[in-house]
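Trainee: Sequence and predicted model, in that order:
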Amino acid sequence: MVIKRSVPEAVESIRGIEPGEAVVVEYTSRDPVHLAVSLPLMMAEGGVKVVVNDVLDQLHVIRAHLRILGIRTDWMDSLPVIKFGGTLPVGNVIKRISILKPAPVWSREYENTLASIPGLKLIVTLGIEKMINVRSDLPASTVCRTTGASSLGAEDKIKVTFVNKDLLGESTLEDIRELATRVFRLEFQDARLILEVIKSPYMKNYGKRFSVEAEDLVKYLQAAAGDYLPR
């Protein structure tokens, strides 16, 4: 059974994530992940401090897809962005970290950058699977924990990571799921975005499926972002 939700209800569910949680959203290359990603990113418009970990220009991909839909993306310009590799400067890039450096160097530079941003932060990570594939010389667990483990249990961080499961092996996905407090699987069926609960702090939520109308979400984003762009 799929529980239908309005877009405002979906937004409120994001607000219910507790500090110290590490949330993973799994999707495939065929899913409209740009719509799902836009919800936590636009929490910044509601006063939430959002920081983006942008791996190999994945934020640029999200922005381009939104603009094609006629959704303005000017609001992204002020988002603090930590770039891991890549060259396209979307958002307010506050730190560039070379993914060719040793993992301990990534970790130190990353943690120092986060520490410079006071208060509770919603950290949205995009493209981690691309970093895992590029740095195939490192264990996938090392890459995941470099940018994720420190957020777990931290009072000033909430971590939301979007992972393209088509690009990773099952053992790597299981490692990512183990670290997370919540895991959702994104699907697109019958013009609706569906999130299935794969893992949760609350046993009663396992296996539940929630959905929102994709077109309603597009309209919500267009309205929240201001004027439409010409298509």
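Mentor: Structure received.
Trainee: for this protein, what spans make up the helices?
Mentor: Ranges of helices within the chain are 7-15, 33-41, 58-68, 103-115, 128-134, 140-148, 170-179, 214-225, based on DSSP state H.
Trainee: and the angle from the third one to helix 214-225?
Mentor: Just to be clear, that refers to helix 58-68. Orientation of helix 58-68 against helix 214-225 (axes from the mean of the first three to the mean of the last three Cα atoms, to 10 degrees) gives an angle of 100 degrees.
Trainee: Give me the mean pLDDT for helix 58-68.
Mentor: What helix 58-68 shows for mean pLDDT is 96.
Trainee: With the second one instead?
Mentor: For helix 33-41, the per-residue pLDDT values average out at 94.
Trainee: same deal with the longest one?
Mentor: For helix 103-115, mean pLDDT is 89.
Trainee: do the last one as well
Mentor: For helix 214-225, mean pLDDT is 90.
Trainee: Pull the residues that contact that helix.
Mentor: For helix 214-225, the external contacting residues (Cβ atoms under 8 Å, 6 or more residues apart in numbering) are 6-8, 10, 32, 35, 38-39, 42, 45, 66, 69-75, 188, 191-193, 228. C-beta here means a position set from N, CA and C on the backbone, and glycine is covered the same way.
Trainee: And for the first one?
Mentor: When contacts are defined by Cβ under 8 Å, 6+ apart, helix 7-15 is touched by residues 5, 39, 40, 43, 210, 212, 213, 216, 217, 220.
Trainee: Quickly list what residue 209 is bridged to.
Mentor: Under DSSP bridges, the beta-bridge partners of residue 209 are residue 2, residue 196.
Trainee: Could you double-check that residue 143 lies in contact with residue 133?
Mentor: No: using Cβ atoms under 8 Å as the test, residue 143 is too far from residue 133 to be in contact (9.6 Å).
Trainee: Looking at those two, which one has more neighbours?
Mentor: Neighbour comparison, residue 143 and residue 133: the larger count goes to residue 143, with 26 against 14 (by other Cβ atoms under 10 Å).
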